[in-house]
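Chemist: Sequence plus the predicted model coming up.
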Amino acid sequence: MSAQSKEILVSRSDIARRVQELADEISRDYAGEEILIIGVLKGAFIFMADLVRSMSVSCQTDFIRATSYGAGSESSGNIVITKDVDLEVKGRHVLIIEDIVDTGLTLRHIMDKLKLRQPKSIKVCAFLDKRKRRKVPFEADYVGFTMDDGFIVGYGLDFGEQYRFLPDLYVISTGEDGKKEGDQ
Ligand code: IMP
């Protein structure tokens, strides 16, 4: 497939099982309410598609895109919203869907921006969580899998825009960072 060696970390069947568990938990927590689901592009697109179809609560969907300028695999902290939410946030139950929380800088920035629009509530559902790598304190409300270090691809997550399409989750050894500026 490419020069990077990769090994499977979570299979598609384990992913499907966990996504259903998260969807059940979210459906219980928001029973009788309508949620505004906001996916963080691009990495969350597959997770979000699976999650909303497994939930039993009514939702509207929108997307946001944040870019972290700077070289390397980590957020530089200089984060800019390059595609904003189109739907009204005020007074809504907002659930942000993210592929992975790493340093926490991206979600911290997005949360702070969206909170200014006075949602009724705001929570985060992250498919993956690399807890040990935080640069700012950040706790997601729903987490699919907690990971240690390692660069993860597949199920929407990329390395230099490759691998998003893979149905399973892999950890790759890259030697060097593959995330260029702008990737999320
Ligand atoms: P944070 O601001 O450091 O939390 O960065 C979160 C973003 O970094 C995610 O939305 C991903 O786009 C990217 N990212 C961090 N770790 C990985 C990884 O292991 N694989 C793919 N993307 C990653």
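Modeler: Structure received.
Chemist: Least confident secondary structure element in the chain?
Modeler: Every helix and strand in the chain was compared by mean pLDDT, DSSP states H and E; the lowest is strand 5-10, with a mean of 88.
Chemist: Tell me what angle the host helix or strand of Lys123 forms with strand 5-10.
Modeler: Here Lys123, judged by DSSP states H and E, is contained in strand 121-129. With axes from the mean of the first three to the mean of the last three C-alpha atoms, to 10 degrees applied, the angle from strand 121-129 to strand 5-10 works out at 130 degrees.
Chemist: next one: strand 121-129 to chain centre, how far?
Modeler: For strand 121-129, the gap between its own C-alpha mean and the chain's C-alpha mean amounts to 7 Å (C-alpha atoms, centre = their mean, to the nearest Å).
Chemist: Quick check: buried residues in it?
Modeler: Within strand 121-129, the residues that qualify as buried are Ile122, Lys123, Val124, Cys125, Ala126, Phe127, Leu128, Asp129, counting by 16 or more other C-beta atoms under 10 Å. For the C-beta atoms, the positions are set from N, CA and C on the backbone; glycine is no exception.
Chemist: which residues are in contact with it?
Modeler: Identification of contacts with strand 121-129 by C-beta atoms under 8 Å, 6 or more residues apart in numbering yields 22, 26, 44, 47, 51, 93-101, 107, 111, 114-115, 140-147, 152, 155-157.
Chemist: So what are the sheet partners of that strand and their directions?
Modeler: Strand pairing for strand 121-129, using DSSP bridges, gives strand 93-101 (parallel), strand 142-146 (parallel).
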